[in-house]
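Colleague: Quick one, structure for this:
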Amino acid sequence: MLVKTYASSCYGIDAITIGVEVNITTGTKYYIVGLPDNAVKESLQRIESAISAIGKRMPRQKIVVNLFPADIRKEGSSYDLSIAVAILGASNQFQPIDLHKYLIVGELSLDGSLQAVRGALSIALQAKKDGFEGIILPIANAPEAAVVDGFDVYGAQHLKEVINHLSGQEKIIPLKMDILAKFSQQQDAHEVDFADVQGQENIKRALEIAAAGGHNLILIGPPGAGKTMLAKRLPTILPPLTLEESLETTKIHSVAGQLNTNDAILTIRPFRAPHHTISNIALVGGGANPQPGEISLAHNGVLFLDELPEFKRNVLEVMRQPLESRNITISRAKFSVDYPASFMLIASMNPCPCGYYNHPEKSCTCTGQTVQRYLSKVSGPLMDRIDLHVEVTPVAFKELSAQKGNEKSNTVRERVVLARAQQAARFSGAQNTYSNAQMSPALVRKMCRLDEGSQQLLKSAMERLGLSARAYDRILKVARTIADMEGSDHIQVQHIAEAIQYRSLDKANWAN
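Modeller: Just a heads-up that it's a prediction; the model follows:
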C-alpha cells in the first residue's frame, strides 16, 4: 500500500517542502531513496525502535521510502516522524484522517519521544505558504512555530500522540500565541545599560553617532579603559527590532540551532562576540553542510571583535565583501545558499603590543616601528569599511567615584530613533538603503553636499592631518548623521569638524 506524507527541510534560512512516499510490497529489505544523507538513512533504526515502543510492529516486508523532489539532497533527522507515520499507515496499523492537510516534522528517540529540530519557524512559514492547514512537530518547537499567525500548530511529545491525533482518537489542542503582545513585552529585556558607564562622555557620543547612522566603529585604547563595557551596551541604544526584522533574525538562529527553546521569537538585537581564535568558516558561514556564521547570527544586530589584531588576517579579510553587500553566499559544487549579514561591526584593540601607547600616565615600551607593525595586522581595505576611529582613555578616579546620575539607554535610544526616522524618509526611494552608512558613492554626492566653508575645512584637514583619500566619503557619511541628530537638513561646518575627529588611524604618522 502506498501512503504519502509531507515533511520539510531548511536550505539557507528558508525551508522547502519534501514529500515522503512509503510503499510496502513483497520482500524483506528497507530502502530510502531521494538523495538521503547518513542521518536520514539511519532513521529506519530509530523508527523501528520507536514503533515497537508504542506497541506497533515494523513490517517485515520490502519498504521503499521515497523523498521527493529526488534531486535535492536530504539532510538531518527531521524526517523521522513523517516516515514513521507513513510506514504505519502503509502497513494498515492505523487509518489516518486528512493526512494531506498536515506537514509533519520531528526527530524520534528510541522510546518514541520527539526531539526538537532546527528551523521550525522557517518550516512553519513555508508550510503556510504551501497551503497546509497545520503542522505537527515536537512540543519544544511549538512556541517558535506558533509565531506564524492563522496557522494551526500541534506540539506533540510522543509518537503515540501523533498517531492518536491523525486517527481522530485524541486530538492535540493547537497552540495559540499572541505574538504581538509577547514581542512588545520583551523589547527592552536588556541586562546592561549606558547608565552603568562612569565618564567616557566622548565615547558615548561616538557610540550614539554610530547607532544613529548604522556606522561601523573601532575603539582604540589601553587595557581596562572600558572598551568592551561600552561595546556591550551599544545594542541597548539601537532602534527596537521591527516584527519583520525579528522574524528574519529568529529564522537564522533557529536554522543554526542557536535559538533557546524557551524563546518563541528574538525580541532584542543580537550581540555576537566571537573569540579571536575563530576560523573563517565559523565567522562567515559554510562547512560541508553549510550553516550560518557569526556575521549572519549578528544580522540586524552587532558583531563585536575584541582585540582585533589578534584575529588571523585571512579571517578578517573574508569579512570585507559581506560588510559591503550585507549578505554572504556559500557556494558548493551542486548548490549555493545565501545568508543575510546586515550587521554593525564594532571592534576594539590596544594601540600597541604593550597596550600603553599614548597613555596619559604609563610609559609605552614599544618603538614606533613596533607600533606600526602591530597596527598593520589590520589591513587597509578592512579599515576602509570602518567609519569611526575612537581613542579611549582611562577614566580618572574622580569620575569613577562620582555619584551623578548617568543618562540611561532609553533616553539615548529616543534620539537615535528620531535620527533613523529622518534617514528612512530620505532614502524612501533608494533600494536597499536604510541608513547613512549604507549610502553608495552616488548617494553620498547627492545627499552630502557641502557649503563653501565646510568644503574648505575638509580640504584643509585632509592636507594638514594627512588624511587618506578613503576617509573622504566616511567623513561625509558621519557628518550627515551628526546633522540628522541635530535635526539639520544641511551639513554644516561643526558637523564636518566633529566627523574629522573620528578618523584617528587615518592621520599621517599617527604612531610615530
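Colleague: Quick one: the strands in the stretch 301-450 of the chain, in order.
Modeller: 302-305, 327-331, 336-340, 344-349, 388-391 (DSSP state E, counting those that start in this stretch).
Colleague: Which elements pack onto the last one?
Modeller: Strand 388-391 sits against helix 201-213, strand 217-220, with contacts defined as 3 or more C-beta pairs under 8 Å, 6 or more residues apart in numbering; DSSP states H and E. To be clear about C-beta, it is placed using only N, CA and C from the backbone, and glycine gets the same treatment.
Colleague: Please repeat the previous calculation with a cut-off of 10 Å.
Modeller: Counting by 3 or more C-beta pairs under 10 Å, 6 or more residues apart in numbering; DSSP states H and E, the packing neighbours recorded for strand 388-391 are helix 201-213, strand 217-220, strand 344-349, helix 471-485.
Colleague: mind giving me the domain split of the chain?
Modeller: Domain ranges of the chain: 2-177, 194-436, 439-512, per automatic domain parsing.
Colleague: Report the central residue of this structure.
Modeller: Most central in the chain under C-alpha atoms, centre = their mean is Leu297, positioned 2.7 Å from the mean C-alpha point.
Colleague: hang on, the earlier thing: can you lay out the domains of the chain as JSON lines showing mean pLDDT and distance to Phe183?
Modeller: Listed next are the domains of the chain as JSON lines, based on pLDDT from 0 to 100; distance: least, C-beta to C-beta, whole Å:
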{"stretch": "domain 2-177", "mean pLDDT": "95", "distance to Phe183": "9"}
{"stretch": "domain 194-436", "mean pLDDT": "90", "distance to Phe183": "6"}
{"stretch": "domain 439-512", "mean pLDDT": "87", "distance to Phe183": "27"}
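Colleague: quick one, longest strand in the chain?
Modeller: Counting by DSSP state E, the longest strand found in the chain is strand 14-25.
Colleague: re the thing from before, Lys160 is nearest to which of the strands of the stretch 301-450 of the chain?
Modeller: The closest of those to Lys160 is strand 336-340. By C-beta to C-beta, the value is 36.1 Å.
Colleague: circling back: for Ile237, which of the helices and strands packed on strand 388-391 is the nearest?
Modeller: For Ile237, the closest of these is helix 201-213, at 4.9 Å, according to C-beta to C-beta.
Colleague: in that closest one, what counts as buried?
Modeller: Across helix 201-213, burial judged by 16 or more other C-beta atoms under 10 Å covers Ile203, Lys204, Arg205, Ala206, Leu207, Glu208, Ile209, Ala210, Ala211, Ala212, Gly213.
Colleague: Could I get the full set of strands for the stretch 101-250 of the chain?
Modeller: Going by DSSP E, counting those that start in this stretch, the stretch 101-250 of the chain shows strands at 102-104, 107-108, 114-115, 134-138, 152-156, 217-220.
Colleague: Output these as a markdown table; include the columns distance to Gln423 and mean neighbour count.
Modeller: Listed next are the strands of the stretch 101-250 of the chain as a markdown table, based on distance: least, C-beta to C-beta, whole Å; neighbours: other C-beta atoms under 10 Å:
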| stretch | distance to Gln423 | mean neighbour count |
| --- | --- | --- |
| strand 102-104 | 40 | 26 |
| strand 107-108 | 45 | 23 |
| strand 114-115 | 45 | 21 |
| strand 134-138 | 39 | 26 |
| strand 152-156 | 37 | 22 |
| strand 217-220 | 17 | 24 |
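Colleague: would CSV of these with distance to Gln369 be doable?
Modeller: Supplementary listing: the strands of the stretch 101-250 of the chain in CSV, determined by distance: least, C-beta to C-beta, whole Å:
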stretch, distance to Gln369
strand 102-104, 64
strand 107-108, 58
strand 114-115, 57
strand 134-138, 60
strand 152-156, 63
strand 217-220, 18
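Colleague: Show me the one of those strands that comes nearest Leu247.
Modeller: Minimum separation from Leu247 across those (C-beta to C-beta) falls at strand 152-156, 15.2 Å.
Colleague: Kindly state which of the strands of the stretch 301-450 of the chain is positioned closest to Asp263.
Modeller: Among those, the nearest to Asp263 by C-beta to C-beta is strand 302-305 (18.4 Å).
Colleague: So what's the residue count around Gly380?
Modeller: 11 (other C-beta atoms under 10 Å).
Colleague: what about it, distance to Arg60?
Modeller: Going from Gly380 to Arg60 by C-beta to C-beta, to the nearest Å gives 69 Å.
Colleague: Leaving out chain neighbours, which residue sits closest to Asp484?
Modeller: Ala419 (4.4 Å; C-beta to C-beta, 6 or more residues apart in numbering).
Colleague: just the helices in the stretch 201-350 of the chain please.
Modeller: 201-213, 227-232, 243-255, 280-284, 294-297, 313-317, 320-325 (DSSP state H, counting those that start in this stretch).
Colleague: Assign Leu44 to helix, strand or coil.
Modeller: helix (DSSP: H, G, I helix; E, B strand; the rest coil).
Colleague: ok so, going back, quick one: strands adjacent to the longest strand of the chain?
Modeller: Using DSSP bridges, strand 14-25 pairs in its sheet with strand 2-11 (antiparallel), strand 62-68 (antiparallel).
Colleague: Tell me which of the ones you listed sits nearest to Lys128.
Modeller: strand 2-11 (11.4 Å).
Colleague: how far off helix 243-255 does the closest one point, in degrees?
Modeller: Computed by axes from the mean of the first three to the mean of the last three C-alpha atoms, to 10 degrees, the angle separating strand 2-11 from helix 243-255 equals 110 degrees.
Colleague: Next one: the residue lying closest to Ser342 once chain neighbours are set aside from His299, what distance?
Modeller: In space, and not counting its chain neighbours, Ser342 is closest to Arg326: 4.1 Å by C-beta to C-beta, 6+ apart. Distance from Arg326 to His299, counting by C-beta to C-beta: 9 Å.
Colleague: okay, and the common contacts of these two?
Modeller: Pro340, Ala341, Ser342, Phe343 (C-beta atoms under 10 Å, 6 or more residues apart in numbering).
Colleague: So what's the residue count around the third one?
Modeller: Residues lying near Ser342 (other C-beta under 10 Å) number 22.
Colleague: Contacts only, for it.
Modeller: 214, 245, 248, 295-296, 298-301, 322-323, 325-327, 432, 434-435, 438.
Colleague: Regarding Ile32, what is its secondary structure?
Modeller: strand.
Colleague: What sits closest to Ile16 if chain neighbours are left out?
Modeller: Computed as C-beta to C-beta, 6+ apart, the closest residue to Ile16 that is not its neighbour in sequence is Ser9, at 6.2 Å.
Colleague: Spit out the contact partners of that neighbour.
Modeller: Counted by C-beta under 10 Å, 6+ apart, Ser9 has contacts 15-18, 40, 67, 72-76, 78-79, 105, 117-119, 122-123, 126.
Colleague: can you check Pro235 too?
Modeller: 190, 192, 211, 268-271, 301-302, 304, 344, 346, 409.
Colleague: at 8 Å what do you get?
Modeller: His190, Ile268, Arg269, Pro270, Phe271, Gly301, Val302 (C-beta atoms under 8 Å, 6 or more residues apart in numbering).
Colleague: right, and out of the residues you listed, which lies closest to Gly27?
Modeller: Pro270 (51.2 Å).
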